[in-house]
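Peer 1: A structural model of the following input is requested.
(one chain, ligands or ions: 1)
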Amino acid sequence: MWTELSATISSLAIAFFMFEKYLNYFPYTIRGYVERNFRKVVNFVNPYVEISFHEFTSERLKRSDAFFAIQNYLSTSSTENARRLKADVVKDSQSVVLSMDAKEEVADVFNGVKVWWASGKMPPQSKSISWFPGSEEKRYYKLTFHKHYREIITKSYVEHVLKKGKEIEVKNRQRMLYTNNPSNDWHGWKSTKWGNIVFEHPSTFDTLAMDTAKKEEIKKDLIKFSKGKDYYAKIGKAWKRGYLLYGPPGTGKSSMIAAMANLLDYDVYDLELTTIKDNSELRMLLIETKGKSIIVRERKGRRKMMMKQTEKDPISKMKKEAEEESGSGSKVTLSGLLNVIDGIWSACGGERIIIFTTNYVDKLDPALIRRGRMDKHIVMSYCCFEAFKVLARNYLDIESHELFGKIEELFVEAKMSPADVADNLMPKSDEQDEETCLKRLVEALEASKEEAIKKSEEEAVLKTKDGVVTEATKKPKSSATEDSATETLEANLIKPATLSAIAGFPGVEGIVAWISNATLCPAKAKAISPRALNLSNICPVFVEALEGDAAQLNGNGNGAAHANGAATVADIFNSENLVNLSRPGIENLLKLENRKEPWLVVLYAPWCQFCQGMEASYVELADKLAGSGVKVGKFRADGDQKEFSKQELQLGSFPTILFFPKHSSRPIKYPSEKRDVDSLMTFVNALR
Ligand SMILES: Nc1ncnc2c1ncn2[C@@H]1O[C@H](COP(=O)(O)OP(=O)(O)OP(=O)(O)O)[C@@H](O)[C@H]1O
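Peer 2: As a prediction, the model looks like this:
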């Protein structure tokens, strides 16, 4: 059949050659007319139609999925007919896939219709000499068929080829680990922005040491996502999901990513931000990622851009970012990163999981990790007994041992990462049996427990010296002595290893406020001792309990139930010039890019001493600002609203004061502890 096609093509080629040769003999004025009509005749005579599928679409912005689907499809038919084939090794180096080499041709039959495929490449446009041939070549496939079958080929055959090609791709798929090449290399002989190697990490959810229920929950979440194409389309959301993994070093964040990739059969893109020059490069990289992939930003060190905005002068901070965005700074900015995560560009291509990992979650900018961007927050914590049992099974093949009881006891107080536990469990020579390894772990856990106790004592002493606990200790104590209080506390409440495994604890101010309120409650007063004020060991559950008690005590049951659902307590910041914002009200403020006037809002809890302390100055400020074009409001952020306020409103401790500028939805946090009228007014005047 190729002969038939070749004969037609060569006749046409001769006709074209002759035409070009004799075209110059026609008078200049009618040359255009002659040429147009000649082409019409040729098109009429030529019974074949050609369609080209190029490797790159959109001005080289993106590699074409269709091109690769065709390549895969042709790999099956080309092996029999083509004379020159290209080999690729796939699937754990165990099988070879052949595809057509450049300038090869093969025929295919679809529903009795014959078509012809040819592969080719266009030479580089640039005249510069490259040491690396092939750098700028553009590959393409050309499909030729009789014009009689135009409908069937364009409607059904092309669809069939793309579908089959994708199926073959999934079957042959060798999962890859990609990392971004520095942009200096993007235009050289490496024609891709991502370098890759075969992804072969052995971590799975079975080998991950962590709470079983949590593991199951994460697995279900991932599987639901991977099957959610139609659902995401229905709700009008880009098919992507953000995960935030946080916890101390060696707790399995990287292992979790590998387990996720293995569970879903996804590629992994390891994003190295330091080599990316600016936001537009970041976008280009994102566009080049394929679906069924996990894009990972692992943050081992502290990267300033992703940190909370602690700059003393918020205006200069904003200015700096604007400068960087305008290109002069030539750096990836936080907003650039946010844009990639959930901006309009993030919807290019679906089925992507974006994962951020960090050891310092409290240092990350809240805008980066709010729900919707990082949809699921997963804390990877120190090893517990249940996690240890998984490691014992993995490393020693044992389900139980007489030392397990002792180990379980030690885990209550010792603080050790799964990486350290694993290292102790791993036999270092053939002579080391399970007993040796478990004993080594027991010793290490005992040492860790001692260290934890010593550290907590030292910290408590330091805090006392710094006067952090002065407020709390000034309060009337219960009849219980401090020593017995400490004992009670250690026995029932604060077990360093257990509690420190729960990440996140409030700021010093908040703790002192809660504790000083809680001292009014005899039962909770037992918990107050210098030792108890080791902040790193106060778990949020404990703090919540104190907070609840404090709210109830302060309210004395005489207030009306609050709309926010917290315990009854008399409200503060009451003034006709102060707007009491409801949850929808503050959510509206967060959404607005342009508002009539800027807003100053205090996030408060009426039982909080520090909020009570600034009540007079804030009310005075509201009176002064009345009618000035700056609105003043309050939002009660404890109880049910606390989690939302932490996630969306940068709430650290009470009170938190936010300024919502007129032309930005992003509030600026008042950075100082000074809450007198003048200081607050200076802040407002600087930003209004
Ligand atoms: N939860 C875990 N389950 C199983 N193995 C673990 C776990 N945590 C750590 N390990 C072991 O410790 C090694 C280091 O863990 P991994 O690199 O996953 O920790 P990480 O939290 O990513 O550390 P870092 O924050 O320092 O990057 C892993 O190779 C694995 O063998």
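
Peer 1: report the contact partners of the residue of the chain found nearest the ligand.
Peer 2: Nearest residue of the chain to the ligand, counting by CB to the nearest ligand atom: G252, 2.7 Å away. In short, each C-beta sits where N, CA and C put it, glycine included. When contacts are counted by CB atoms under 8 Å, 6 or more residues apart in numbering, G252 touches 208-210, 380, 418-419.

Peer 1: go again with 6 Å.
Peer 2: With contacts defined as CB atoms under 6 Å, 6 or more residues apart in numbering, G252 is in contact with 380, 418.

Peer 1: for it, give its distance to Y269.
Peer 2: Separation of G252 from Y269 (CB to CB, to the nearest Å): 20 Å.

Peer 1: again, but for G250
Peer 2: Taken as CB to CB, the span from G250 to Y269 is 23 Å.

Peer 1: can you tell me how far the closest residue to E281 other than its chain neighbours is from G120?
Peer 2: Leaving aside its sequence neighbours, E281 sits nearest to S183 (CB to CB, 6 or more residues apart in numbering; 5.3 Å). From S183 over to G120 the distance is 29 Å, taken as CB to CB.

Peer 1: get me the contact residues on the stretch 351-500 of the chain for the ligand.
Peer 2: Proximity of the stretch 351-500 of the chain to the ligand, by CB under 6 Å from any ligand atom, involves residues 359, 380, 418-419, 422.

Peer 1: if we go to 5 Å?
Peer 2: 418-419, 422 (CB under 5 Å from any ligand atom).

Peer 1: most neighbours, which of these?
Peer 2: The most crowded member of those, judged by other CB atoms under 10 Å, is P418 (24 neighbours).

Peer 1: make sure L625 is actually in contact with V632.
Peer 2: Yes. Counting by CB atoms under 6 Å, L625 does reach V632; the two are 5.5 Å apart.

Peer 1: and these two? Which one has more around it.
Peer 2: V632 (24 against 19).

Peer 1: neighbours around E431, how many?
Peer 2: For E431, the neighbour count with other CB under 10 Å is 7.

Peer 1: do the same with V361
Peer 2: Using other CB under 10 Å: V361 sits among 17 other residues.

Peer 1: one more: K591?
Peer 2: K591 has 9 neighbours, counted by other CB under 10 Å.

Peer 1: go on, T179?
Peer 2: T179: 15 neighbours (other CB under 10 Å).

Peer 1: show me what it bridges to in the sheet.
Peer 2: For T179, the beta-bridge partners are G195, D270 (DSSP bridges).

Peer 1: surely it and Y269 touch.
Peer 2: No. The criterion here is CB under 6 Å, and T179 misses it with Y269 at 7.6 Å.

Peer 1: quick one on the thing from earlier: tell me which of the residues of the stretch 351-500 of the chain next to the ligand fall in helices.
Peer 2: Counting by DSSP state H, the part of those found in helices is 418-419, 422.

Peer 1: from these, pick the one nearest I30.
Peer 2: The closest of these to I30 turns out to be A419 (CB to CB; 82.9 Å).

Peer 1: the closest one against G250, yeah?
Peer 2: Yes. Counting by CB under 6 Å, A419 touches G250, with 3.0 Å between them.

Peer 1: would you mind listing what in this protein touches the ligand?
Peer 2: Near the ligand, when you scan the chain using CB under 5 Å from any ligand atom, you find 208-209, 249-255, 418-419, 422.

Peer 1: how about 8 Å then?
Peer 2: Taking CB under 8 Å from any ligand atom, the part of the chain that reaches the ligand is made up of 203, 207-210, 245, 247-258, 298, 300, 357, 359, 380, 383, 387, 390-391, 394, 417-419, 422-423.

Peer 1: of these, select the buried ones using a ChimeraX command.
Peer 2: Buried subset of these, written as a ChimeraX selection, criterion 16 or more other CB atoms under 10 Å:
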select :203,207,208,209,210,245,247,248,250,251,252,253,254,255,256,257,258,357,359,380,383,387,390,391,417,418,419,422,423
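
Peer 1: which ones among the residues of the chain next to the ligand map onto strands?
Peer 2: 245, 298, 357 (DSSP state E).

Peer 1: could you dump those into a markdown table and include pLDDT and distance to K171?
Peer 2: As requested, those are exported to a markdown table (pLDDT from 0 to 100; distance: CB to CB, whole Å):
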| residue | pLDDT | distance to K171 |
| --- | --- | --- |
| L245 | 90 | 31 |
| E298 | 74 | 31 |
| T357 | 88 | 32 |
